[in-house]
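K.L.:
sequence first, predicted coordinates after that:
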Protein chains: 2
Amino acid sequence: MIVELINTGSELLLGRVLNTNQQWLCRQLAELGCVVSRQVAVPDTGPDIQGAVRESLGRADLVITTGGLGPTSDDLTRDLIARLLGRSLREDPQVLAAIQAYFASRQRAMPESNRVQAMVPEGARVLHNAFGTAPGLALEIKPNPYRAGGEGSWLVMLPGPPRELRPMFTNQVVPLLRTLLPPEARFACHTLRTTGLGESWVQERIAPALTRLVASGLDLGYCARPGQVDVRLSARGPQGESLVAEAEKVVRELLGGSCYGTEDEELEQVIIRLLTARQATLAVAESCTGGCIAHRLTNVPGASAVFLAGLVTYSNAAKQQFLGVPAQTLAAHGAVSEPVARAMAEGARRATGAQYGIGVTGIAGPSGGTPDKPVGTVFIAVASPRETTVERQCNATDRETFKQVTAQQAMDLLRRTLRD
Amino acid sequence: MIVELINTGSELLLGRVLNTNQQWLCRQLAELGCVVSRQVAVPDTGPDIQGAVRESLGRADLVITTGGLGPTSDDLTRDLIARLLGRSLREDPQVLAAIQAYFASRQRAMPESNRVQAMVPEGARVLHNAFGTAPGLALEIKPNPYRAGGEGSWLVMLPGPPRELRPMFTNQVVPLLRTLLPPEARFACHTLRTTGLGESWVQERIAPALTRLVASGLDLGYCARPGQVDVRLSARGPQGESLVAEAEKVVRELLGGSCYGTEDEELEQVIIRLLTARQATLAVAESCTGGCIAHRLTNVPGASAVFLAGLVTYSNAAKQQFLGVPAQTLAAHGAVSEPVARAMAEGARRATGAQYGIGVTGIAGPSGGTPDKPVGTVFIAVASPRETTVERQCNATDRETFKQVTAQQAMDLLRRTLRD
């Protein structure tokens, strides 16, 4: 099944927002075995939207659009597509009632500008919006005048806001897709996530060992991100799953403990899971990472069972006050040093009674570096009941990447500590 | 000048990564007055990449590609485009030397697989990569066989990793673009950022007052995000800047203090700036936001001048220990209550000596709600030398959006406190 995605919205082309819908939809579709073959972003103008839809309908079995279903003047998708396909629009009383009820439940009257969202093209299936006002719309275009052989295509229009789009896709579009997918379109896709290795090194290590499987249909991909390399194994057809399973065994043997998880697992989820399994608690003392580690850990549902506190001791006074880092240690070695990282991790443990403590102190940049300790220098400590381990890294990147990479390294040091 | 963007990478179509390059490049180009008219993402295959490049060359004066310049087997862009344009590739000794030096400075030998990155298509301008190994490439295609009139086009190929792409674009591509842009392609674009208002409400309030300016060429756009609505004012041509300036005055009068900043300013930047101007310090006590507020504030260079500490008191014990929240207050009202938020903000102030304290306690979800205090309930307190203000909000969204919206509200309460 050929699927194309069209994201409408001038804010995308002006670079005002990140296209998270593209990523999320592509992921959901890949997991169903439909790999999106092309994604396009176009501005909020008639010719652009109609042109992109016309082109995609010329190639694809399923075209999904996002955006342009809102109540404001730059929301054009519904009208433009109805006009392109020669379908009339009529006000649907059930949709209108749902929109009115949405506002009523918030003790408000429906603004008149929202009324236009109740207009439905002839023949369209309405997809209820449980988190907003604009319904999604699904249309079968059969025959499809834009395709060489006239085969039919489906066009699905979704609202732009992610928190409206995602439940609608999951609850309403996926069931529709399942009826459209041929049973033999099976697709196996498995991603192994590694940390602490470079992309070239990973390829040079695993590619030679996978040549036979690649020749049998395995597709091997790499995706490098700050502090992380994902190895993507995929294959189509009935042998797909066993090819991918065999490849996974090979990769895990070669990369060992650098594989911290699979699919979308973040390191913080792995940490919370390991701590929960051991019924162990954690406190985190951060300086240069500024709360990033605590923030990531607390994104994980269930963190409160194991995460006691985060101490973002941004000033030296705060390091002394909340963690008991001795003034003379700060004076003798400087805030960015192994002894201070050690004292922070142990102080977090002691102050909260947690079994494990993390301490991180470094220079996030852009300023603050010295020849001895350039920007990016960071000391990462993990204190356990048994001992304290300290690592030194140099993450010479921009401030925000520094925080993420350093947080990754700190969590990985804890992961390796918990594993041993 | 017509600009199109092609992002190559199967990881994009599989939804493995967010397309941050698309947003960043579109923003940079818009600020130069070149609004990207179309963006496409294609997988790492020959027909897809060549097809997209061929189509874009049929329409655009400038085509920018990202990705596919790496050393691994799925990095095809360089070769495919050279073949499409009929240009031979040759190994450039200066580029090879630069790649070898990159590895040498990291005390490593160049992996043989990186050698391919020194291949340069005939006639291409090499764009040095200061943060990685693959050089960018810029090619003038003149005549352009894909365009009706044969006009020339430029094709610029950039590496995929953002921290390589961004400096290369800023330092090498922008100067090239400035030589290509006609002087009369002036574009004025100004964004006002508001918080605490809904999108429909904003439109209904400002659109009627801007109809005359819109008729004169003002383009008005809205972009709604969690806790925030951006109002985008733009116009082309010699009157552009004055149209936009007039429109800004109108919008500011109508939306008042809800406008917290312009362009890309984040609330945290505004906070750090206001505190720095007042030489005032801040400490933040967080529970449900889990460090998100501290993390956002410390993303701002210069935060250390005003931000003393963040106390992520995730457990009730930590609230008592680090903030002095009385046990009886917790018992009488529960952790998620106005008295506890108040005690957290005042405790942060007292414990650190900061002039201002923020205290946030709520229910991030997905579990933990009660009929009395459903998921999303949050109490936000700001303690100043003069008084403590507490607000109650209900941010009933997913956990991660809850944190961002709540952090936004907390920072906005501090902003309004600092302003009065």
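P.N.:
That came in fine, so what should we check first?

K.L.:
all strands for the stretch 101-250 of chain A, in order.
P.N.:
Here the stretch 101-250 of chain A has its strands, by DSSP state E, counting those that start in this stretch, at A:119-121, A:125-127, A:136-141, A:153-158, A:187-194, A:219-225, A:228-236.

K.L.:
now the angle between strand A:228-236 and the helix or strand of chain A with the lowest mean pLDDT, please.
P.N.:
Using mean pLDDT, DSSP states H and E, the weakest-scoring helix or strand in chain A turns out to be strand A:219-225, at a mean of 84. With axes from the mean of the first three to the mean of the last three C-alpha atoms, to 10 degrees defining the directions, strand A:219-225 sits at 160 degrees from strand A:228-236.

K.L.:
strand partners (parallel or antiparallel) of strand A:219-225?
P.N.:
Here strand A:219-225 has these sheet partners by DSSP bridges: strand A:228-236 (antiparallel).

K.L.:
give me the contact list for the strand it pairs with.
P.N.:
A:185-195, A:197-199, A:202, A:206, A:217-224, A:240-241, A:243-244, A:247-248, A:251, A:255, A:408, B:10-11, B:14, B:16 (C-beta atoms under 8 Å, 6 or more residues apart in numbering or on different chains). Every residue, glycine included, has its C-beta placed from N, CA and C.

K.L.:
my read: A:L267 touches A:Q409, true?
P.N.:
No: assessed by C-beta atoms under 8 Å, A:L267 is found out of contact with A:Q409, at 9.5 Å.

K.L.:
now for these two: what residues contact both?
P.N.:
A:T195.

K.L.:
identify the single longest helix in chain A, thanks.
P.N.:
Ordering each helix of chain A by length in residues (DSSP state H) puts helix A:399-419 first.

K.L.:
mind giving me the packing neighbours of that one?
P.N.:
With contacts defined as 3 or more C-beta pairs under 8 Å, 6 or more residues apart in numbering or on different chains; DSSP states H and E, the packing partners of helix A:399-419 are helix A:267-278, helix A:292-297, strand A:356-362, strand A:377-383, strand A:388-394.

K.L.:
tell me the mean pLDDT over that helix?
P.N.:
The average pLDDT for helix A:399-419 rounds to 94.

K.L.:
how much does it deviate in direction from strand A:228-236?
P.N.:
Helix A:399-419 and strand A:228-236 are oriented at 80 degrees to each other (the same axes, to 10 degrees).

K.L.:
tell me the buried residues in helix A:399-419?
P.N.:
Neighbour counts using 16 or more other C-beta atoms under 10 Å in any protein chain shown place A:399, A:401-415, A:417-418 of helix A:399-419 among the buried residues.

K.L.:
angle of that helix against strand A:356-362?
P.N.:
Between the axis of helix A:399-419 and that of strand A:356-362 there is an angle of 150 degrees, by the same axes, to 10 degrees.

K.L.:
could you dump helix A:399-419 to PDB, C-alpha only?
P.N.:
What follows is helix A:399-419, C-alpha atoms only, in PDB (Å, rounded to 0.1, in the frame of the first residue of the first chain):
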ATOM      1  CA  ARG A 399      24.400  24.300  25.500                       C
ATOM      2  CA  GLU A 400      21.200  22.300  24.900                       C
ATOM      3  CA  THR A 401      22.900  19.300  23.200                       C
ATOM      4  CA  PHE A 402      25.500  19.300  26.000                       C
ATOM      5  CA  LYS A 403      22.700  18.900  28.600                       C
ATOM      6  CA  GLN A 404      21.100  16.000  26.700                       C
ATOM      7  CA  VAL A 405      24.300  14.200  25.900                       C
ATOM      8  CA  THR A 406      25.500  14.600  29.500                       C
ATOM      9  CA  ALA A 407      22.200  13.500  30.900                       C
ATOM     10  CA  GLN A 408      22.400  10.500  28.700                       C
ATOM     11  CA  GLN A 409      25.900   9.700  29.900                       C
ATOM     12  CA  ALA A 410      24.900  10.100  33.600                       C
ATOM     13  CA  MET A 411      21.900   7.800  33.100                       C
ATOM     14  CA  ASP A 412      24.100   5.300  31.300                       C
ATOM     15  CA  LEU A 413      26.600   5.300  34.100                       C
ATOM     16  CA  LEU A 414      23.800   4.500  36.500                       C
ATOM     17  CA  ARG A 415      22.500   1.800  34.200                       C
ATOM     18  CA  ARG A 416      25.800   0.100  34.100                       C
ATOM     19  CA  THR A 417      26.200   0.400  37.900                       C
ATOM     20  CA  LEU A 418      22.700  -1.100  38.400                       C
ATOM     21  CA  ARG A 419      23.500  -3.900  36.000                       C
END
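
K.L.:
ok, which of the helices and strands packed on helix A:399-419 comes nearest B:A109?
P.N.:
The closest of those to B:A109 is strand A:388-394. By C-beta to C-beta, the value is 19.9 Å.

K.L.:
CA-only coordinates of that closest one in CSV, if you can.
P.N.:
The C-alpha coordinates for strand A:388-394 follow below in CSV (Å, rounded to 0.1, in the frame of the first residue of the first chain):
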residue,chain,number,x,y,z
THR,A,388,31.1,5.9,44.1
THR,A,389,32.2,5.9,40.4
VAL,A,390,33.3,9.1,38.6
GLU,A,391,33.7,9.6,34.9
ARG,A,392,35.1,12.6,33.0
GLN,A,393,33.7,13.5,29.6
CYS,A,394,34.1,16.3,27.2
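
K.L.:
elements contacting that strand?
P.N.:
Contact partners of strand A:388-394 among helices and strands, from 3+ C-beta pairs under 8 Å, 6+ apart: helix A:338-352, strand A:377-383, helix A:399-419.

K.L.:
what mean pLDDT does the shortest one have?
P.N.:
Which is strand A:377-383. Mean predicted confidence for strand A:377-383 is 97.

K.L.:
can you list the residues that contact it?
P.N.:
The contact list for strand A:377-383, computed with C-beta under 8 Å, 6+ apart, reads A:288, A:336-338, A:340-342, A:344-346, A:348-349, A:356-363, A:369, A:388-395, A:402, A:406, A:409-410, A:413-414, A:417.

K.L.:
that strand pairs with which strands?
P.N.:
The pairing partners recorded for strand A:377-383 under DSSP bridges are strand A:356-362 (antiparallel), strand A:388-394 (antiparallel).

K.L.:
tilt between that strand and helix A:338-352?
P.N.:
Using the same axes, to 10 degrees: strand A:377-383 against helix A:338-352 is 40 degrees.

K.L.:
and for the last one?
P.N.:
Here helix A:399-419 runs at 70 degrees with respect to helix A:338-352, directions being taken by the same axes, to 10 degrees.

K.L.:
any idea how far helix A:399-419 is from the middle of the chain?
P.N.:
18 Å (C-alpha atoms, centre = their mean, to the nearest Å).

K.L.:
what does the shortest one give?
P.N.:
Relative to the mean C-alpha coordinate of its chain, strand A:377-383 is positioned 27 Å out (C-alpha atoms, centre = their mean).

K.L.:
with the first one instead?
P.N.:
Shown here is helix A:338-352, whose average C-alpha point lies 32 Å from the average C-alpha point of the whole chain (C-alpha atoms, centre = their mean).

K.L.:
what residues sit buried inside it?
P.N.:
Buried residues in helix A:338-352 (16+ other C-beta under 10 Å): A:339-349, A:351-352.

K.L.:
what pLDDT does the residue nearest to A:L255 when sequence neighbours are not counted get?
P.N.:
Sequence neighbours aside, A:T194 is the residue nearest to A:L255 in space, at 5.7 Å (criterion: C-beta to C-beta, 6 or more residues apart in numbering or on different chains). Note for A:T194: predicted pLDDT of 96.

K.L.:
if I look at A:T194, how far off is A:C223?
P.N.:
Note on A:T194: its distance to A:C223, by C-beta to C-beta, to the nearest Å, is 11 Å.

K.L.:
what of A:K142?
P.N.:
Relative to A:C223, A:K142 is positioned 37 Å away (C-beta to C-beta).
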